[in-house]
Structure formats: structure tokens, C-alpha cells
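K.L.:
predicted model and sequence follow; I will ask about them next.
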Amino acid sequence: MSLAWLISMKLRFITAAGTGLVTLAVVAVVLVFGQRVLDRSYATLEARHLQQDLKRTLDLIHLEADNLDVLTRDYATWDDTWGYMRKRNNAYIESNYGDLSMRNLNLRLVMLISPEGKTVFRRGTGIEPALDDQKLLASLPSGITPESQGSAADYGLLQLATGPVLVSYRPILRSNGEGPSRGTMIMVREADYHFVAHVSELAQEPMILQPLDRVVVPAWREAVAQMAAGQPSVIQQFDPERVTAFSRVNDLAGRPILLLRIEHNRDIWAQGQNARRMLTWLIICVGVLHGAVNLAFIHRFIVRRLEKMIKFTAAISTDRQLHRRVDLEGNDEIAQLGSTLNRMLDDLQTSQQQLISAGEQLQYEATHDALTGAWNRAAGVQILDRELDRSSREQKKVAVIMLDLDRFKKINDRYGHSAGDVVLKHFTTTVLQNLRAFDALVRYGGEEFLIVAPNCGMNEARIITQRILHNLRSINITVNETFLRVTASAGVTAGKAPATSEQLIAIADRAMYRAKANGRDCAHFEESKVTQMLPA
């Protein structure tokens, strides 16, 4: 088995294992997160639905109290009732409060209280006969006293010794609502199991009403304690099939007296569990499909192409044929890797040319000034030595011109060294424009430049120097939005072997200082005497 085959099999195994683990991890995370979100959503929906039903049931209880109050108001503002309280007409009692009328009105007690607070009429069915009327009247929030006659009116639940009842009391007035009041009418309905069954039928919810002081079930007592701590309602789950909601019911004085309990089958929760199971299978199927598609995609677009790269590199290392190239389609990383490998092979084939170019660049940097591009001092001396050797063979002179910028230090001090660099570059460009193609410009040091002019005597050197100085005077250099005019002082000499480069440079340098002593912006010419000497 070859190494390339082993690597290919390892790639396939790693790809399959990695894809499987990643898919399994993604499926597990999505399942856990999705199930939690789904459970929380359905639990919230179930609680909201139960709260709505609990509120609707409470509203129906209050509606029954409203209906009783409407009935009490109608009878209390009936002229016949007002007339009875004035004249005590028994026909009114017999025609309106007989047993049949009490059953039809669903009343358990009717009382008419005089303005003096005395009971004028009382008829009850189902209410304990021994009940003290004064205790009933005293249990009303505002009481029915002579001082309150004609002004008190209220309705709601009331807790009696026999159990909870609905109570409504209104002042007895004329039908137009005018007084004076002839007393107070009280109507009572029992909130017994018939009442609970009636409200349950209206709410379409099974409900239980129990006095708070008679709650004995521990879970119910816990719900009462939670509501006493400030919760408006409490939801409890007793088993997976049922969920219960509790709320307190207040009497007409605002005191909690009853515990309302409704119960739901957990249909919403069951729907959530079904949705959860469907979501689980859907995520598993999508995960398996995603893993298979991902594995096929990775094998086609990654593994197979990597195998091709492995075989190619193995062939290169075996036969050393650098002309081979790998062909990988696409613009992805693997294709870019193939392109990089091809470029590396191209680089290997052209490395020799790159080395030559690099050598030339290094040679240039070693012989030229980085700022101005002129020859540096060492290279300039070598050029002058070479031209002097040629002059001994051809018997022709070599001119040496030393140029120094006038007052350059003031430019640096006033405008900065960056301005000085700009001036040096413009100076170099101007000088080169006025030289012959085979003349050499050398930056000898700082603001000093040296010109080596082969085959050039003093007359030709004079022309070149004057042309350079003239053109320098006519050029304005812009530095920091300021126009500068630059001049130079020149020292010129010409000679040939046996004169040396040091001797000619020394003569030119001496002549340049004489030009500065003469006022600058001029040239001083000095013939080399060494050229007239003959070797011993």
C-alpha cells in the first residue's frame, strides 16, 4: 500500500467521523434548546389560558351580583314599594313576595327596613329562621342605621353563618329617583351549590367555591398562603393530566372570604408534547439528511481534491519534474493552494533570474545614494579611477567639477531637513539634465557633489559648469508653499594620468572654496599641474 493511499483513507475516515460528531452535536443542542423553548411556550400558553378562564369565572360571579343589584334597584325605585312603606298595603306584599314569586326571582331573603332602622317586612326561604336580622344588618359595610337611611347602597358577597350569600341593598325612592327615602330594601340570594352549578354552566368550567376559613386540603392552604403574600392567583399542577388555578373572592367590603378553584385538563400541554415529539423526529431527520449531504459535499469538493494534491506532490518528489502543474478548478482555498503550488514551481524555475535581479539591485544600492539617486562617494572614486586609466591610453583629459550648494545649512535650519531633502533632489535633477549621457554625478558628501566628465578638457568643463549654474538660478523650488531659489559654488579642474583621483578631487575642492570666497554662485577653474609631470 502506498503512502498516498493511506493518507486518502485517513482523510475519508476523519471526514466521516468529524461530520458525524458535528451533526450529532448540532442535533443534540437543537433538540435540547428547542424542547425547552417549546415546553416553556406551551406552559406559558396553558397558564395564560387558565388565567383567562379564571378571570371569566370571577367576572360571572360579579355579574350575578350585578343582576341582583339591578333587581334590587328596580324594586327599590318602584312606586308601589314606596307606597307600601308609606301606607303598609299588604296587597303589595302578597302580590310580589309570595313563595312562587320568591322562587321565580331566585331570592332567599327580602327585607324592607324603615327609616328608623326597624324591620318592616321580612320574608326568606332557605335562610336560617333563627338568624338575627340585626346581625345581618350590622354585617353590611355601611350598616343600616337611622343615620344612614336613604344614602347607603351597595351589593356583593357576604359571609353568613349559613354560608356565602349575594346581598344588595338600595334606598327606597320614587320611580323618578326622587325622595324622600322611605327606608332600605335588602335582597339576598344564597351562593350555594345551585349558584356554583349555575356559574359553572355559564363559564363552561368546573369550579369550587369554599370559605377561606374552612380550607383543609394542604395544597389549597398553600395556594391561600401564596395569595395572602401578594399573588393575585396561583396555578398548581397535581398530575400530568390536570392543572388547577386558585383565586380569592372578596366580599362587598373588599375582604377575601372565598377561595375560587377551577380545574383544566391539560389539553394544551398534551398538544405541546405531541408537537415536541414531532419536532424531535423532524430535527433527527433533518440532522441525518444534513450530515449525509455535508459528507457528500466534503468528499467531493475537499477530500477528492486533497487526494489529487497528495498524488501530485508525491509524483513531484519522486521524479523531480518541475514542469508538472496541478489543475484544480474553483476559487476556494484548495484551488488557491494548487495555484500557490504552481506558482512555487514557477518560482523555482525562475529563481536564477530572480537572484540575478536581486544582485543587480544590491549592486545599485551599494553604489548609489538613496536620496538623490546619484553615485555615492566610493563608486564615484572608482569611476574617476577607471576614467583616468582610460585617459592614459587614449591621451584625453578627464574633467572633475566639485559643486557645493550655497547656504544649505540655513535652509535646513529654517525649513527643516525634509525641505533640505527636497532641495537636494531638485538640485540633482537639474544637474543631470545638463550633463552628457556618459558623465557621472556623485554625491560626495552632504551638499557636496562631484561631476566626472570623461574626454573633457577645461573649455568643455567651463561650458558644462556655466550651464549648470545658470539653470540653477532660473529654477524656483517649492518648499512648504514657499518658493526657494538655490545657487551653488563650483570648483573645476581637468587632467589625466599620471594624476590620481585624490589629486584631481583635491584640486577641484580647493577651487570650489575659492569660488565661495569670491562671493558664491560662481565657478573657479584651476588646471591640474600633475598632468605635465612625466614619470621618473
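P.N.:
Great, that's in hand.

K.L.:
please count neighbours and contacts with C-alpha atoms only from this point.
P.N.:
Noted.

K.L.:
for the stretch 101-250 of the chain, give me the ranges with low pLDDT.
P.N.:
For the stretch 101-250 of the chain, the stretches with pLDDT under 70 are 126-135, 141-152, 238.

K.L.:
and the longest helix for this protein?
P.N.:
When the chain is parsed with DSSP state H, its longest helix is helix 3-76.

K.L.:
same question for that helix, mean pLDDT?
P.N.:
Averaged across helix 3-76, pLDDT comes to 80.

K.L.:
helices or strands up against it?
P.N.:
strand 154-160, strand 163-171, strand 184-190, helix 193-203, strand 242-250, helix 267-298, helix 304-319 (3 or more CA pairs under 8 Å, 6 or more residues apart in numbering; DSSP states H and E).

K.L.:
the very next helix or strand once past the fourth one pairs with which strands?
P.N.:
Of the helices and strands lying after helix 193-203 in sequence (DSSP states H and E), the nearest is strand 207-211. Here strand 207-211 is paired, per DSSP bridges, with strand 256-265 (antiparallel).

K.L.:
check which residues of the strand it pairs with are buried.
P.N.:
Within strand 256-265, the residues that count as buried by 16 or more other CA atoms under 10 Å are P256, I257, L258, L259, L260, R261, I262, E263, H264.

K.L.:
cool, stretch 503-515 as well?
P.N.:
Quick answer for stretch 503-515 (16+ other CA under 10 Å): L504, I505, A506, I507, A508, D509, R510, A511, M512, Y513, R514, A515.

K.L.:
what's the neighbour count on R443?
P.N.:
As a burial measure, R443 scores 26 neighbours (other CA atoms under 10 Å).

K.L.:
surely it is within a strand?
P.N.:
Yes - according to DSSP: H, G, I helix; E, B strand; the rest coil, R443 belongs to a strand.

K.L.:
for stretch 171-184, the distance to its chain's centre please.
P.N.:
Put simply, stretch 171-184 sits 70 Å off its chain's centre (CA atoms, centre = their mean, to the nearest Å).

K.L.:
what about it, how long is it end to end?
P.N.:
End-to-end distance for stretch 171-184: 4 Å, by CA to CA, to the nearest Å.

K.L.:
re earlier: want to throw the buried residues of strand 256-265 into TSV with pLDDT and distance to N455?
P.N.:
Shown next, in TSV, are these (pLDDT from 0 to 100; distance: CA to CA, whole Å):
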residue	pLDDT	distance to N455
P256	90	125
I257	86	129
L258	90	128
L259	89	125
L260	90	124
R261	89	123
I262	87	122
E263	84	120
H264	80	118
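
K.L.:
which of the residues you listed lies closest to G338?
P.N.:
G338 lies nearest to H264 out of those, by CA to CA, at 68.1 Å.

K.L.:
isn't that closest one up against F246?
P.N.:
No - here H264 does not reach F246: they are 11.8 Å apart, not a contact under CA atoms under 8 Å.

K.L.:
low-confidence stretches in the stretch 351-500 of the chain?
P.N.:
Filtered on pLDDT under 70, the stretch 351-500 of the chain yields the residue ranges 352-353, 355-356.

K.L.:
quick one: the strands in it, in order.
P.N.:
Using DSSP state E, counting those that start in this stretch, the strands assigned to the stretch 351-500 of the chain run over residues 398-405, 440-445, 448-453, 476-479, 482-485, 488-495.

K.L.:
could you dump the ones you listed to CSV with distance to S101?
P.N.:
Output for the strands of the stretch 351-500 of the chain, formatted as CSV (distance: least, CA to CA, whole Å):
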stretch, distance to S101
strand 398-405, 132
strand 440-445, 132
strand 448-453, 134
strand 476-479, 117
strand 482-485, 117
strand 488-495, 135
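
K.L.:
these: which one's closest to Y193?
P.N.:
With respect to Y193, and counting by CA to CA, the nearest of these is strand 476-479 at 106.8 Å.

K.L.:
so which elements touch the closest one?
P.N.:
In this structure, strand 476-479 makes packing contacts with helix 417-433, strand 482-485, judged by 3+ CA pairs under 8 Å, 6+ apart.

K.L.:
among these, which is the most enclosed?
P.N.:
Most buried of the helices and strands packed on strand 476-479 by mean neighbour count (mean count of other CA atoms under 10 Å) is helix 417-433; its value is a mean of 17.

K.L.:
counting contacts, what elements does that one pack onto?
P.N.:
Packing partners of helix 417-433 (3+ CA pairs under 8 Å, 6+ apart): helix 408-415, helix 458-473, strand 476-479.

K.L.:
export the ones you listed to TSV and tack on mean neighbour count and distance to P171?
P.N.:
Formatted as TSV, the helices and strands packed on helix 417-433 follow (neighbours: other CA atoms under 10 Å; distance: least, CA to CA, whole Å):
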stretch	mean neighbour count	distance to P171
helix 408-415	14	107
helix 458-473	17	122
strand 476-479	15	106
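
K.L.:
how about these in TSV, adding distance to Q395?
P.N.:
Below are those laid out as TSV (distance: least, CA to CA, whole Å):
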stretch	distance to Q395
helix 408-415	38
helix 458-473	15
strand 476-479	41
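
K.L.:
so which of those is nearest S175?
P.N.:
Distance to S175, taken as CA to CA, is lowest for strand 476-479 among the helices and strands packed on helix 417-433, at 108.1 Å.

K.L.:
hmm, back to that, and of the helices and strands packed on helix 3-76, who's closest to T119?
P.N.:
When these are compared by CA to CA, strand 184-190 sits nearest T119, at 9.6 Å.
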